[in-house]
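Peer 1: here is the input, now give the coordinates:
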Amino acid sequence: MINFNRIEIKNFLSIGNQPLTIDFKKGLHYVTGRDSSTGSRNGVGKTAIFVDAVLFALYGKVARKAKIPDLINGVNKRGLKVTLEFDIDGRPYTIERGVWPNFLILHQPDGSKLELSAKKETQEIVADIIKIDFNTCRNMLVMSINGSKHFMEMRKFEKRMFIEQILNIDVIGTMFKIISTQFNELKGDLKNLEGQHTVLKKHYEETSEQNKKISAEVEQFKDKKKVQIQELTKEIKKVELERDKIGNVQAIDESLAYTNINDFRKKEQQLREKITKLKSDVSYNKQTINATEIKAKALSESVCFECDSEITEEHRNKKLPELQKAIDDLIDTNNEIIANIQDLMVLLTIATTKIGRMEKKVQQAVSIKNNLKNLTETIALKRNHLKDVQLRSVNISMIDISKMKADYEKIYKDLLKTSDDFKYAKLLRSIFSDEGIKSYIVRQVLPLLNSKLNHYLKLLGSNYFLEFDDTFNEIIRSNTGRKLLPYDNFSAGEQKRVDLALLMTFIDIARMQGRSTTNLLILDEVTDSSLDSDGLEQFIDIISDKSKQEDIAVYVISHRKDYNSDLYSSIIVLEKDQGFTRVKHIFDGS
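Peer 2: Predicted coordinates for the structure are as follows:
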C-alpha cells in the first residue's frame, strides 16, 4: 500500500514561486476555493494541487490534456518543482521532479539519492517501486467528472486491463508479453532449425546414398576384375594347351615338298601331252579308217567315183583285201594307242593324287604354322590384357560424412530441444493469455465484484441491479428481474450513482488484494452535479464511513458553497490572487 504523506509544489500551473504544501491527513476533507479577482470558484487550482501535482511527481505527466511546458507557471516561466513524500509498506521515499531545469531525483529508504543521467532510467526505477501504472493510479486516486475516464465509458479491453491491475494479475500480462516474445523467437528459431535440419538431412541422406552407390560400384568393379582375371587366366591356359598340342605335330620340309610337287607336275604335264598326242593319233587313224571304208564301199559300185572308169571284178577283188587289211591294221594300231592312253591315264591319276596329297600336307603345315603364330600372338595379347586388368584400379572414393553427420545430429538435437522449448512456451503462452489463467481469475472475482457493486448501489438508493459478465458486458435489471435500458440511457444522476458504486467497489477489491491501494482518494467535483441531495448525503455518509474504517484520507473537491462542516475532518480554502494560488485557510473540523 502507498501512503502519501506530503506534497510541496512550486511554479506548477497557478502555484507560484512561493511553495504550497499539503500534508495528507486521514479523514474526510473538503476542498474549495475562490478567485478573488473574478469571484469564480473555477480555475482556482484545486485539481492542480490534489490531482495533477501528485500524478506529475510520480509519472511526469498529468490527467488533463497538457504538454509539459504548459505546466510551468505562466508568470515565472521556470523553476517548476514538485516534491512528493510517501512510504510503501513503511519504507519512506521522496520524489523530486522539476522542469526548467529538468531533473528527477529519488530519495530511497536507505538515505541514498538516485539521480541518473537519463531521466527515463530513473523513471523506470520509480515505476518498479510503486508498481502501479499511470492509468490505474489515476483511476484509483481520482474520482472526477472531468479528465478521468469512467469505468463504464471504457472499452471492453480497457475494463479488463483495469480489473487485472486491481487484481494484481497485470503482471501475468507482462509475463504473457515476455513469453510471447520468447514464443515468437523460438518459433523463428524452430523454423530456421527445421529448414537447416531439412537441408542437412537431405544432404546427409543423398551423400550416404551416393556413398552406398560408390561402395557398390567399387565392389562391382572388384568382382568384375576378379572374374576377368579368372576368365583371362583360363583362356590363356586353354590357348597355351592348344598351341602346345599343335606344336607337337611333326612338321614337313616345305621346300622339299614344293620341289616334289613341281617334279610331279612336270611328269603330269608330260603325261597329259603324250595322252593328247595319242588321242590325236587315234582320231587321225579313225578318220583314215573311215576314208578307207568309203573307198572299200565304193568298189561295190560299177563306176569309180574318182575316175569315172568302170570297175572290174578283178580290180574289185584285188583292192578290197588291200583296203580291209589297211583298215584292220589301223584298228589294231588305235587299240594299242588307246591301251597306251589308258596306262598313261592311270599314271596321270597317280601323279595328280600324289600332287593333291602333297599340296594338302603343305597347306596343313602352313595352317599349323599360321595357327601357332596366331596362338602365340593371342597368348601375348591376353597376357598384356591380364596385366592391364590386374593393374586397373577405381579412381572414385567415398565422401567423408563424419562431420556432416555430426552437424546433422547436432542440428537434430537442437531441433528437439527447441521444439520442446517451443511447446512449453506455447503452453505457457496459452496459460498466461487473456483466455488462460487471467480469465479464470477474473471469472472467480466477478461474483464478488457484482455483489459489492450492487451493495453500494443499494446504499446509494438505486432500485436496480447491475452485473458484468466475463466479457464485461453490463446487464441491468429491475428489482423484479426485468431487463432495463443500458448505462448510456441512464440519467446523469443514475450514471453518477453507478460510477460512485463502482469506485467504492474497486477500492474494496484493491484493498482485499493488498495492492494497488493508497491512503489517498480525491473526489474531484463529484458532488457538484448530477446527484440530488439524497444521493449526495448517502454518498458522503459512505465516504465518511470508509475513511474511518479504512483509515484513509479522502479529499472532496467541490464548488458548492453549501456543505455540512460537521461531516468533514477539515475544510481547506484556496484563494487565487493575481494569478497565483495559495492556501487561505484550513479549518480543522475537530
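Peer 1: tell me which helix or strand comes right after the least confident helix or strand in the chain by mean pLDDT.
Peer 2: When each helix and strand of the chain is scored by mean pLDDT, DSSP states H and E, strand 142-144 comes last, with a mean of 71. Next helix or strand after strand 142-144 toward the C-terminus (DSSP states H and E): helix 156-166.
Peer 1: residues of stretch 443-458 that come out buried?
Peer 2: 445-446, 449-450, 452-454, 456-457 (16 or more other CB atoms under 10 Å). To be clear about C-beta, it is placed using only N, CA and C from the backbone, and glycine gets the same treatment.
Peer 1: now the helices: where do they sit in the stretch 201-350 of the chain?
Peer 2: Using DSSP state H, counting those that start in this stretch, the helices found in the stretch 201-350 of the chain span residues 254-298, 313-391.
Peer 1: switch the ones you listed over to CSV; also include mean pLDDT.
Peer 2: Shown next, in CSV, are the helices of the stretch 201-350 of the chain (pLDDT from 0 to 100):
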stretch, mean pLDDT
helix 254-298, 87
helix 313-391, 87
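Peer 1: among those helices, which is nearest residue 26?
Peer 2: helix 313-391 (109.5 Å; CB to CB).
Peer 1: who does the closest one touch, helix- and strand-wise?
Peer 2: Using 3 or more CB pairs under 8 Å, 6 or more residues apart in numbering; DSSP states H and E, the elements in contact with helix 313-391 are helix 170-247, helix 254-298.
Peer 1: correct me, but residue 96 touches residue 102?
Peer 2: No - contact criterion CB atoms under 8 Å: residue 96 and residue 102 do not qualify, at 11.7 Å.
Peer 1: neighbour count winner among the two?
Peer 2: residue 96 (18 against 11; other CB atoms under 10 Å).
Peer 1: list phi and psi for the more buried one.
Peer 2: Main-chain dihedrals, residue 96, degrees, to the nearest 10: phi -120, psi 120.
Peer 1: bridged to it, which residues?
Peer 2: Residue 96 forms beta bridges with residue 83, residue 105, as assigned by DSSP bridges.
Peer 1: what strand or helix carries residue 86?
Peer 2: Per DSSP H and E: strand 80-88 holds residue 86.
Peer 1: quick one: contacts for the closest residue to residue 79 other than its chain neighbours?
Peer 2: Excluding its sequence neighbours, the residue lying closest to residue 79 (CB to CB, 6 or more residues apart in numbering) is residue 11, at 4.6 Å. By CB atoms under 8 Å, 6 or more residues apart in numbering, residue 11 lies in contact with 17, 72-73, 76, 78-81.
Peer 1: let's see 10 Å
Peer 2: 17-19, 71-82, 98-100, 580 (CB atoms under 10 Å, 6 or more residues apart in numbering).
Peer 1: Provide the backbone phi and psi angles at it.
Peer 2: phi 50, psi 40.
Peer 1: what does the model give it for pLDDT?
Peer 2: Residue 11 is assigned a pLDDT of 97 by the prediction.
Peer 1: swap in residue 146?
Peer 2: Residue 146 carries a pLDDT value of 52.
Peer 1: now swap in the one 5 residues further on and tell me
Peer 2: At residue 151, the predicted lDDT confidence score is 81.
Peer 1: quick one, what contacts it?
Peer 2: Contacts of residue 151 (CB under 10 Å, 6+ apart): 139, 158-159, 162-163, 468, 472, 498-499, 502-503, 505-506.
Peer 1: residue 292 too?
Peer 2: The contact partners of residue 292, taken as CB under 10 Å, 6+ apart, are 322-330.
Peer 1: residue 322 versus that one, what's the distance?
Peer 2: Residue 292 sits at a distance of 9 Å from residue 322 (criterion: CB to CB, to the nearest Å).
Peer 1: got the domain ranges for this protein?
Peer 2: Here the chain is described, according to automatic domain parsing, as comprising the domains 2-168+511-588, 250-371.
Peer 1: which one of the ones you listed is the most hemmed in?
Peer 2: Across the domains of the chain, the average number of neighbours (mean count of other CB atoms under 10 Å) peaks for domain 2-168+511-588, which reaches a mean of 17.
Peer 1: and it, how far from the chain's centre?
Peer 2: Offset of domain 2-168+511-588 from its chain centre (CA atoms, centre = their mean, to the nearest Å): 54 Å.
Peer 1: now do the end-to-end distance for that domain.
Peer 2: 25 Å (CA to CA, to the nearest Å).
Peer 1: where does pLDDT dip in the stretch 101-250 of the chain?
Peer 2: 116-119, 144-149, 168, 170, 249-250 (pLDDT under 70).
Peer 1: if we use 80, what do you get?
Peer 2: Counting by pLDDT under 80, the stretch 101-250 of the chain shows low-confidence ranges at 116-122, 135-136, 139-140, 143-150, 157, 160-174, 246-250.
Peer 1: residue 418 against residue 182, yeah?
Peer 2: No - contact criterion CB atoms under 10 Å: residue 418 and residue 182 do not qualify, at 11.3 Å.
Peer 1: which of these two has more neighbours?
Peer 2: residue 418 (20 against 17).
Peer 1: contact partners for that one?
Peer 2: So residue 418 contacts 185-187, 189-194, 425 (CB under 10 Å, 6+ apart).
Peer 1: do the same with residue 586
Peer 2: 22-23, 29, 31, 570-574.
Peer 1: mind running it again at 6 Å?
Peer 2: By CB atoms under 6 Å, 6 or more residues apart in numbering, the contact set of residue 586 is 570, 572.
Peer 1: quickly find the element holding it.
Peer 2: Using DSSP H and E, residue 586 falls in strand 580-588.
Peer 1: now do residue 493 against residue 450, distance only.
Peer 2: 22 Å.
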